[in-house]
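J.: Turn this into a structure:
(one chain, ligands or ions: 1)
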Amino acid sequence: MHVELNLPETFNAADYFVDRNIREGRGQKTAILCRDNAFTYAQVQAGMNKVGNALKGLGIEMENRVALLLLDSEFYPLSFFGAIKIGAVPICLNTLMQPKDYLYFLNDSRAKILIIDEELYSKFEPIKDKLRFLKHIIVVNGQAPAGTISFDSFVAGASDQLEAAPITPDDACFWLYSSGSTGQPKGTIHLQHDMVYAAETYGKQVLGIQEHDICFSAAKLFFAYGLGNGLYFPFSVGATSVLMPVRPVPASVYETIARYRPTLYFGVPTLYGSMLQEEGSLDGVRLCVSAGEALPADIFKRWQQRHGVEIIDGIGSTELSHIFISNLPGKAKPGSSGKVVPGYDARIVDENFQDIPVGEVGTLLIKGDSAAAAYWNKHQKTKSTMLGDWVNTDDKYAVDEEGYFYYIGRSNDMLKVGGIWVSPVEVEACLIEHPAVLECAVVGATDDKNLVKPKAFVVLKRGYAPDDQLKKDLKEYVKKTLAHYKYPRWIEFVDDLPKTATGKLKRFELRA
Ligand code: 3UK
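T.: Predicted coordinates for the structure are as follows:
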């Protein structure tokens, strides 16, 4: 089912998500709660306008990319919407990556300016001389190192009045990088109308979000999931968002819930699992949401028993902006991803793209107007994913007679670990550089909570002892070389690896 947005010919998402709230009388309403501060919509508007004017002052123009490497704080909405308001295109970068990843993101996107949190600067510093297009670095939340501009001096003297750039619903709006099992991450180009579509469909019809809601997303704003939860869903109705700059662990999350009493809480399965092992309450929360990877039925049931609140699982993707199949409050089927969200259509197809009967497993295709336009400068990948109206999710799914969808697995080797992509190929390429490793293979294995984590099978070079110390060393090696969540939780030493006649690794044989 398609939902008609009827947006005007001239449309700027920053005007829609920020300025409209002031026009509709919500200027004094709290938009953001962060650390000890509250920011009204009028304050967010003034800050956004200052950022927009300051970007213009540095020569940033329409369609230029503005890279954001930011923790969740009030600087996120100001920078994100400040860029969009002048027609520039923010890129929300994952803060958990390593310097070499930032080198790629910044050169691939040709961003002219980076707005970075002081706490993350050390991950950028090693690559700063290798950037071919970056001209300016703005540092927020701390001291500006030599060669950078502090946020305060960036906006000093900038006006808090700004006319929105007269762009269209189909102009580029923001990018997110999405990773695959092979090749570099893909800059996923989203348009001005995409956030509106997700807010009108999932936001209003599944969450039933309203002005009096307070959202808290443990999943960060740089994820497509967190960006909706913590920014454009609440801003679509003039609600409030709690932004937490620190790492989302059970203690920080329970403390934030107790302090700000959100009504909607958004997490990922791994975090729900670890929150069940710690003390804490959920007073005030009316609904919990899970996405990123399948929520085990056991976690759903234990959460319901302990907190008396339902977790609704839904599947979304970076390419579709947000969730397109979801359980509905009060109607959740544990272990299922739920039903198609109104506004989207789903097909389950065979390898020839023919629809297959109910109950059988096939590839999930999704249609809906929050889909990305293309991957930046990746023509072949764009063609194999964006199939006209349909997006190929590369997920294996089956649907039952009642229309509930069941996640079966990926059609490639990618793993979802704590809701974030891990490419087995990347972890293997890292392990192989360790002096002790001759060959290795990485697959997904399930932990005691039935959640997937990377496991490595390792063939050692002659002269290395297969002991626990070496297992520890190998884990540490990956942890410090790649983003930490990618490290193998288990290492198994083997004499050889299963291969095809042509020497291709048979990864599927190693899966438990
Ligand atoms: C997997 C799930 C089973 C699935 C996302 C909510 O995760 C998000 O986006 P990504 O691009 O990954 C997309 C892929 O992740 N997946 C996500 N949710 C579920 N598998 N059950 C689920 N509930 O393989 C999908 O193709 O990182 C999640 C909203 C926005 C998002 N971008």
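J.: Tell me, what's the model's pLDDT at residue 420?
T.: With respect to pLDDT, residue 420 scores 89.
J.: Skipping its backbone neighbours, what lies nearest it in space?
T.: Nearest residue to residue 420, sequence neighbours excluded (C-beta to C-beta, 6 or more residues apart in numbering): residue 485, at 5.9 Å. In this view, the C-beta of every residue, glycine as well, is placed from N, C-alpha and C.
J.: if I pick the one you found, what's in contact with it?
T.: For residue 485, the contacting residues are 96, 417, 418, 420, 422, by C-beta atoms under 8 Å, 6 or more residues apart in numbering.
J.: Could you turn the buried ones of those into a PyMOL selection?
T.: Typed into PyMOL, the next command selects the buried ones out of the contacts of residue 485 (criterion: 16 or more other C-beta atoms under 10 Å):
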select buried, resi 96+417+418+420+422
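J.: Bridge partners for the residue in the stretch 301-450 of the chain positioned nearest to the ligand, pull those for me.
T.: In the stretch 301-450 of the chain, the residue that lies nearest the ligand is residue 316 (2.5 Å; C-beta to the nearest ligand atom). Counting by DSSP bridges, residue 316 forms beta bridges with residue 323.
J.: quick one on the thing from earlier: mind checking which of the contacts of residue 485 are in strands?
T.: 417, 420, 422 (DSSP state E).
J.: As TSV, the contacts of residue 485 with distance to residue 299 would be great.
T.: Formatted as TSV, the contacts of residue 485 follow (distance: C-beta to C-beta, whole Å):
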residue	distance to residue 299
96	23
417	16
418	13
420	18
422	20
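J.: does the closest residue to residue 311 other than its chain neighbours belong to a helix or a strand, and which?
T.: Of all residues not flanking residue 311 in the chain, residue 288 sits nearest, at 4.3 Å (C-beta to C-beta, 6+ apart). Here residue 288 sits within strand 287-290, counting by DSSP states H and E.
J.: by contact count, what packs against that strand?
T.: Judged by 3 or more C-beta pairs under 8 Å, 6 or more residues apart in numbering; DSSP states H and E, the packing partners of strand 287-290 are strand 264-267, helix 269-275, strand 311-316.
J.: Tell me the residues on this structure that lie near the ligand, please.
T.: Residues of the chain lying near the ligand by C-beta under 6 Å from any ligand atom: 178, 224-225, 291-294, 313-318, 322-323, 337, 393, 395, 407, 410, 416, 419, 421.
J.: Now, of these, which are buried?
T.: If you count burial by 16+ other C-beta under 10 Å, the buried members of the residues of the chain next to the ligand come out as 178, 224-225, 291-294, 313-318, 322-323, 337, 393, 395, 407, 416, 419, 421.
J.: Beyond the strand holding residue 288, next helix or strand please.
T.: Counting by DSSP H and E, what follows strand 287-290 is helix 297-307.
J.: ok so, going back, separation between the residue nearest to residue 420 and the ligand?
T.: Note on residue 485: its distance to the ligand, by C-beta to the nearest ligand atom, to the nearest Å, is 13 Å.
J.: Please give me every residue in contact with the residue of the stretch 151-300 of the chain at minimum distance from the ligand.
T.: Using C-beta to the nearest ligand atom, the closest approach of the stretch 151-300 of the chain to the ligand is made by residue 224 at 3.1 Å. By C-beta under 8 Å, 6+ apart, residue 224 lies in contact with 176, 316, 317, 318, 321, 322.
J.: The first one: what's it in contact with?
T.: Looking back up the chat, that one is residue 176. Residue 176 sits in contact with 91, 92, 187, 188, 190, 222, 223, 224, 227, 318, where contact means C-beta under 8 Å, 6+ apart.
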